[in-house]
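Q: I'll drop the sequence and a predicted model, then ask my questions.
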Amino acid sequence: MQCSDVSKCYELLERILDGELGEEGREMLKEKLEKCQPCFVHVHLQQAIREVLKTKCPKQPLPETLEESIRKMIQNAR
Amino acid sequence: MSEVQRRKYSQEEQTSIFDREFMPHIDSMYNFAFRLTFDEDDAKDLVQDTYMKAFRFINSFEQGTNAKAWLFRILKNSFINDYRKKTKLPATVDYQEVETFYNSDDVDYQSTTDLRAESVRDMLGDEISNALNSLDVDFRTAIILADLEGFTYEEMAKILDIPIGTVRSRLHRARNLLKEKLKGYAQSMGYNTEEEEV
């Protein structure tokens, strides 16, 4: 079985993954994943992308002097 | 420039708001600035400007409201108004035009199942990061705010000054574009992009 409008469906799935639909969304997701193979694949890919964005994207180290220079600027602005 | 502002907070209160509510976000702010400018010095300047503005307008900040979203909004506006002007970058692309373009179904759903979740999980941080950085700034920003910083659609709407429906559609386009970039990497690196056997 497959959803009739894949485009609308994927957008909805992404909103659910983003937590915008709360508990109701989680129920809807469960139901969809059981019924629609393309939805299942799409959700798993989207989850993987989110996961690697969150865990693997290298963080830029904060320049050591930045915090201090901001505090100085504020002091001088008073 | 004269700033007529109701003085809501005493000097002690200002210091305390600044230290407790603004400064803890400096890491996120700097990383956002760096992903906008791709330059350490520019990112530093942008964060400094943002904190300076936040301090000057501290009386318009409501204690207990979302300081991080407020700061991100100032940073994003500073980037558009000051930084882009200063460096004489070409004017920002018309959002609507871009969104209409990427709205077309052929760009949107030409390949939905040919990048495998496993391939994505195998990728290096730098590959993910490069794919993100190669997106147009508006799409890049949407992904940063949602996935790296965890803002809600409602917070994003405030930060970006756009309706929530536009947040939704922009994020959706951004994710499609990012997926296409990642697919490109996967293919060039020889990761398996064949459809999973069911």
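A: Yep, that arrived.
Q: and residue 29, what element?
A: If you meant another chain, say so; for now it's chain A. In this structure, residue A:29 sits in helix A:22-35 according to DSSP states H and E.
Q: Chain B is the one I meant
A: Secondary structure assignment for residue B:29, by DSSP H and E: helix B:26-37.
Q: And that helix, what does it pack against?
A: Where contact means 3 or more C-beta pairs under 8 Å, 6 or more residues apart in numbering or on different chains; DSSP states H and E, helix B:26-37 is packed against helix A:66-77, helix B:40-56, helix B:67-78, helix B:137-143. Backbone N, C-alpha and C define where each C-beta goes, glycine included.
Q: coming back round to it: helices or strands up against the helix holding residue A:29?
A: Packing partners of helix A:22-35 (3+ C-beta pairs under 8 Å, 6+ apart): helix A:6-17, helix A:37-56.
Q: what about the chain, any weak spots by pLDDT?
A: I'll assume chain A. Along chain A, segments meeting pLDDT under 70 span A:1-2.
Q: meant chain B actually
A: B:1-6, B:85-113, B:191-198.
Q: Taking the centroid of it, which residue is nearest it?
A: Centroid-nearest residue in chain B: residue B:141, 2.6 Å away (criterion: C-alpha atoms, centre = their mean).
Q: Was I right to think it contacts residue B:75?
A: No - counting by C-beta atoms under 8 Å, residue B:141 stays clear of residue B:75, with 10.6 Å between them.
Q: Enumerate the residues of chain A near chain B.
A: Chain A has residues A:6-7, A:10-11, A:14-15, A:18-20, A:37-38, A:41-42, A:44-54, A:56-60, A:62-63, A:66-67, A:69-70, A:73-74, A:77-78 near chain B, with proximity defined as C-beta under 8 Å from any C-beta of the partner chain.
Q: Generate a PyMOL selection restricted to the buried entries among these.
A: A single PyMOL command selects the buried members of those (16 or more other C-beta atoms under 10 Å in any protein chain shown):
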select buried, chain A and resi 6+10+11+14+15+18+20+38+41+42+44+45+46+48+49+50+52+53+56+57+62+66+67+70+74
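Q: So which bits of the top helix by length along chain B are buried?
A: Looking across chain B with DSSP state H, the single longest helix is helix B:164-188. For helix B:164-188, burial by neighbour count (16+ other C-beta under 10 Å) applies to B:166-183, B:185-186.
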